[in-house]
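Asks: take a look and give me a structure for this.
(2 chains)
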Amino acid sequence: MCTTCGCAEGDTKIEGHGHSHDHDHHHDHHDHAEHGQSHHASHAPGLSQSRILRIEQDILSKNNAYAAENRRQFSRRGMLVLNLVSSPGSGKTTLLTRTLTDLKHELPMAVIEGDQQTLLDAERIRATGAHAIQINTGKGCHLDAHMVGHALESLQTEDRSVLFIENVGNLVCPASFDLGEAHKVVILSVTEGEDKPLKYPDMFHAADLMLLNKTDLLPHLQFDVDQCIANARRVNPGIKVLQLSATTGEGMAQWYQWLQATRAVTLIGHVATAAGE
Amino acid sequence: MHEMSLCEGVVQLIEEQATVQQFTSVKTVRLEIGALAGVETEAMRFSFDAVARGTIADGARLEIIDIAGRATCPACTRTVDICARFDGCPACGHYPLELIAGDEMRIKELEVQ
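Replies: As a prediction, this is how the structure comes out:
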């Protein structure tokens, strides 16, 4: 167990993060706030009889506190942070490597890679020249805000940059865990079936943007694009949808436009904050 | 299986409470879990026993209070029961509905000694 923030890392391994337990790394992204909302329903001091404590505390409150701390850091530094979520095999890493290659002269970018095992994805990302760090969750099926906070201690990121967090391939669990991102971006490939948004509604509900990937394969498939988008909008009427192929590059320009525009909005806030300080 | 992490969150919150509220054992943990919270309550029970082992919550009984999904319809203003996020209004067919209950995952109370 980490003695500073009490984290029991379990199977989680962050690349380059030794986490030896006499460590001195400063968890300055943690506020360790005590939660003060509990009340005694009955309290008999000194007696060992049972009592009821009303807690009324969200189970995710600890994760949410870490996420809020991450978000404060991102906001202070003018960073646009995107949490990329999808099933395994939707093409997230291909989408990222292409994006990093195409925009490397236009945007400062870095990547946090989440997978259960291996450093393969971070290596693919680093081959583009971008900074990347791998988090291996071991048996864990999602990244949480605490892991991301630790990864940020080791990952070199620039102020006013774009940070992509590639979550573990899983359309269920990552929906519940806020990492401090500005937007969840859900990637769905046309080889998966147009009913995915209805089968996994929580994820499509939580996302602001859906990238419908591998559109180059549409001629070979029976995939109803309109039905798929209608299903996504049924779960989340405000979701924005872009169709693209990270392999052929078709439609990628719209995604880059979205990235540039969203980053511009992030920076407007940053300039205002900096001026106000 | 994010239920395992959720249970770890529950045990951490209990351990924090134990320091503040000064108790040494936990008899019962009562959770409120909404029908639309994306939580499998059976997986939660299974995970809780495993995660609580060796902690202050070891041996505690886990009680889960199910909270039904409820929503209001912006079209006909009725309050209705729903089973999924994309359910339409059973009265007028309109969707989306505005969720008012059912996405909770809360520790309601602890019975402690």
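Asks: what residues are up against the closest residue to chain B within the stretch 101-250 of chain A?
Replies: When scored by Cβ to the nearest Cβ, the stretch 101-250 of chain A has A:Cys173 as its residue closest to chain B, at 3.6 Å. Heads up, the C-betas are built off the backbone N, CA and C, glycines and all. With contact taken as Cβ atoms under 8 Å, 6 or more residues apart in numbering or on different chains, A:Cys173 is in contact with A:141-142, B:1-2, B:5.
Asks: what's the longest helix anywhere in chain B packed up against?
Replies: The longest helix of chain B (DSSP state H) is helix B:3-21. In terms of contacts (3 or more Cβ pairs under 8 Å, 6 or more residues apart in numbering or on different chains; DSSP states H and E), helix B:3-21 is packed against strand A:51-58, helix A:61-76, strand B:26-34, helix B:41-52, strand B:105-112.
Asks: now A:Leu198: which helix or strand?
Replies: helix A:196-199 (DSSP states H and E).
Asks: residue numbers of chain A in contact with chain B?
Replies: Selection of chain A residues close to chain B by Cβ under 8 Å from any Cβ of the partner chain yields A:6, A:8, A:34-35, A:38, A:40-41, A:48-63, A:139-142, A:144, A:172-173, A:175-177, A:198, A:201-202, A:205, A:234-235, A:237.
Asks: just the buried ones from these, in ChimeraX syntax?
Replies: To isolate the buried members of the residues of chain A next to chain B in ChimeraX, using 16 or more other Cβ atoms under 10 Å in any protein chain shown:
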select /A:35,38,50,51,52,53,55,57,58,59,60,61,62,63,140,141,142,144,172,173,175,176,177,198,201,202,205,234,235
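Asks: could you check how far the closest residue to chain A within chain B is from A:Ala230?
Replies: Closest contact between chain B and chain A, by Cβ to the nearest Cβ, is at B:His2 (3.6 Å). Note on B:His2: its distance to A:Ala230, by Cβ to Cβ, to the nearest Å, is 28 Å.
Asks: likewise B:Arg70?
Replies: The gap separating B:Arg70 from A:Ala230 is 25 Å, by Cβ to Cβ.
Asks: pull the number of nearby residues for A:Gly169.
Replies: Residues lying near A:Gly169 (other Cβ atoms under 10 Å in any protein chain shown) number 19.
Asks: oh sorry, the question was meant for B:Glu8
Replies: For B:Glu8, the count of nearby residues is 20 (other Cβ under 10 Å).
Asks: gap between the nearest residue to it once chain neighbours are set aside and A:Phe164?
Replies: Distance criterion Cβ to Cβ, 6 or more residues apart in numbering or on different chains; nearest residue to B:Glu8, sequence neighbours excluded, is B:Val51 at 5.5 Å. Plainly put, B:Val51 is 31 Å away from A:Phe164 if you go by Cβ to Cβ.
Asks: so these two - more neighbours on which side?
Replies: More neighbours surround A:Phe164 than the other of B:Val51 and A:Phe164, with 25 against 21 (other Cβ under 10 Å).
Asks: between helix A:61-76 and the one helix or strand the more buried one maps to, find me the angle.
Replies: Using DSSP H and E, A:Phe164 maps to strand A:162-166. Computed by axes from the mean of the first three to the mean of the last three Cα atoms, to 10 degrees, the angle separating strand A:162-166 from helix A:61-76 equals 150 degrees.
Asks: partners of strand A:162-166, with directions?
Replies: strand A:80-86 (parallel), strand A:109-115 (parallel) (DSSP bridges).
Asks: any chance of CSV for those, columns mean pLDDT, mean neighbour count and distance to A:Ala127?
Replies: Formatted as CSV, these follow (pLDDT from 0 to 100; neighbours: other Cβ atoms under 10 Å in any protein chain shown; distance: least, Cβ to Cβ, whole Å):
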stretch, mean pLDDT, mean neighbour count, distance to A:Ala127
strand A:80-86, 98, 26, 18
strand A:109-115, 96, 26, 12
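Asks: distance from the chain centre to the longest helix of chain B, please.
Replies: Chain-centre distance of helix B:3-21: 14 Å, with Cα atoms, centre = their mean, to the nearest Å.
Asks: again, but for stretch B:58-73
Replies: 5 Å.
Asks: and the helix or strand just after the strand holding A:Phe164, C-alpha only, in PDB?
Replies: Downstream of strand A:162-166, the first helix or strand assigned by DSSP H and E is strand A:183-189. Presented in PDB, the C-alpha positions along strand A:183-189 are these (Å, rounded to 0.1, in the frame of the first residue of the first chain):
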ATOM      1  CA  HIS A 183     -15.100  14.600 -23.300                       C
ATOM      2  CA  LYS A 184     -15.600  10.900 -23.700                       C
ATOM      3  CA  VAL A 185     -15.200  10.000 -27.300                       C
ATOM      4  CA  VAL A 186     -16.700   6.600 -28.200                       C
ATOM      5  CA  ILE A 187     -15.300   4.700 -31.200                       C
ATOM      6  CA  LEU A 188     -17.500   2.200 -32.900                       C
ATOM      7  CA  SER A 189     -16.400   0.200 -35.900                       C
END
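Asks: which elements pack onto strand A:183-189?
Replies: Applying 3+ Cβ pairs under 8 Å, 6+ apart, we find strand A:183-189 packed against strand A:80-86, helix A:201-206, strand A:209-213.
Asks: neighbours around B:Thr19, how many?
Replies: Neighbours of B:Thr19 using other Cβ under 10 Å come to 10.
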